[in-house]
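Colleague: 3D model of this:
(one chain, ligands or ions: 1)
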Amino acid sequence: MSGFSIEWLNLREDADRRARSQVLLDKARHWLCSGKEKEPPQLIADMGAGTGSTLRAFSEKETGFPALRWRLLDNDQALLNEAQRRHGTSHDLELCRVDLSETISLPLSDARLITASALFDLVSAGFIDAVIDSGIGVYAALNYNGISRWTPAHPLDDTVLQAFNSDQRRDKGFGPALGPESSSYMIKAFSRAGYTVETADSPWILNGVDQMMVSMLIDGIADAVRDHALIKPKALQEWIDFRQSTVSTGTCIIGHTDVLALPNQL
Ligand SMILES: C[S@@+](CC[C@H](N)C(=O)[O-])C[C@H]1O[C@@H](n2cnc3c(N)ncnc32)[C@H](O)[C@@H]1O
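Modeller: As a prediction, the model looks like this:
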């Protein structure tokens with residue numbers, strides 16, 4: 001178990017789908033068609049695949065698109081099993097239970113594109129450097145960028161955000177996490193390595209329609225900040241109670257950035 005439940009991944013997927021940059025998704029698809037050196041079907045290695053949300057995003061408009069092979073990489077067998085249950089008969093699918101932090105042994109060399117959604121903010125600079133060393137194109141969507149805005153406002157919002165962003169930099173198994181700085185690090189590092197890099201904002205824009213997700217998000221943020229020196233237990237409980245009381249009437253914006261980094265070669 002990775003700590004990412006199927007319930008949470010299901011709840012966030014609709015907000016992810018609305019948030020993803022269609023422009024970058026289409027450019028990533030185009031890159032898959034443009035490869036000359038590898039015979040189709042091209043292989044996508046999806047890192048931190050969960051139940052297969054990136055596969056679903058790529059498959060949404062697949063009419064007329066050449067067939068793809070998918071290798072789903074994750075360390076959570078329950079999530080991989082769920083991906084297999086949903087897509088095992090409809091897609092050319094290979095499941096790999098791996099620890100992505102073991103970068104030296106990742107099965108990537110035959111991939112045309114590495115994809116990831118909601119993963120690269122968990123990783124360290126060293127992990128991104130290792131991905132760059134593979135020389136493969138990368139589509140990394142939905143990287144948290146440190147922005148969160150709530151309505152109605154609460155006096156503790158800024159303090160909670162500061163504590164949450166500091167928790168986002170905690171080691172998540174890859175060394176110190178880049179957290180909110182993941183996209184800016186990727187832009188710098190991929191550009192320096194000669195990749196063509198494009199980015200797009202992909203914020204969650206949440207309202208009463210998403211209230212179950214927002215309610216879980218509030219609990220997740222509260223758990224992440226509970227032990228932070230800036231946060232007093234009573235004040236945090238008041239923040240939680242206020243936020244939970246406005247999930248159906250308030251709004252929440254959580255900032256993300258999508259990154260497409262392609263090597264300058266066909
Ligand atoms: C936020 S979830 C995103 C899942 C999926 N991409 C999505 O958007 O629904 C992060 C995923 O990364 C996986 N993960 C986290 N650390 C990992 C590691 N060290 N090795 C392999 N997978 C990992 C988790 O199991 C989880 O499926």
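Colleague: for the closest residue to residue 179 other than its chain neighbours, give me its contacts.
Modeller: Leaving aside its chain neighbours, residue 179 sits nearest to residue 168 (3.2 Å; criterion: Cβ to Cβ, 6 or more residues apart in numbering). The C-beta positions use only the backbone N, C-alpha and C, and glycine is treated the same way. Each residue near residue 168 by Cβ atoms under 8 Å, 6 or more residues apart in numbering is listed here: 121, 144, 146, 177, 179-180, 224.
Colleague: what residues does the stretch 101-250 of the chain have near the ligand?
Modeller: 101, 117-119, 122, 173 (Cβ under 6 Å from any ligand atom).
Colleague: how about the strands of the stretch 1-150 of the chain, start to end?
Modeller: Along the stretch 1-150 of the chain, the segments classed as strands by DSSP state E, counting those that start in this stretch run 42-47, 68-74, 92-97, 113-117, 137-151.
Colleague: now those strands as TSV including distance to residue 186?
Modeller: Below are the strands of the stretch 1-150 of the chain laid out as TSV (distance: least, Cβ to Cβ, whole Å):
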stretch	distance to residue 186
strand 42-47	13
strand 68-74	18
strand 92-97	23
strand 113-117	11
strand 137-151	7
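Colleague: which of those sits closest to residue 212?
Modeller: For the strands of the stretch 1-150 of the chain, distance to residue 212 was read as Cβ to Cβ. The smallest value, 16.8 Å, belongs to strand 137-151.
Colleague: what packs against the closest one?
Modeller: Other helices and strands packing on strand 137-151, by 3 or more Cβ pairs under 8 Å, 6 or more residues apart in numbering; DSSP states H and E, are helix 6-19, helix 22-34, helix 53-59, strand 113-117, helix 157-167, helix 182-192, strand 251-262.
Colleague: JSON lines for these, including distance to residue 136 and mean neighbour count?
Modeller: Output for those, formatted as JSON lines (distance: least, Cβ to Cβ, whole Å; neighbours: other Cβ atoms under 10 Å):
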{"stretch": "helix 6-19", "distance to residue 136": "23", "mean neighbour count": "17"}
{"stretch": "helix 22-34", "distance to residue 136": "11", "mean neighbour count": "16"}
{"stretch": "helix 53-59", "distance to residue 136": "15", "mean neighbour count": "21"}
{"stretch": "strand 113-117", "distance to residue 136": "5", "mean neighbour count": "24"}
{"stretch": "helix 157-167", "distance to residue 136": "30", "mean neighbour count": "18"}
{"stretch": "helix 182-192", "distance to residue 136": "11", "mean neighbour count": "19"}
{"stretch": "strand 251-262", "distance to residue 136": "9", "mean neighbour count": "22"}
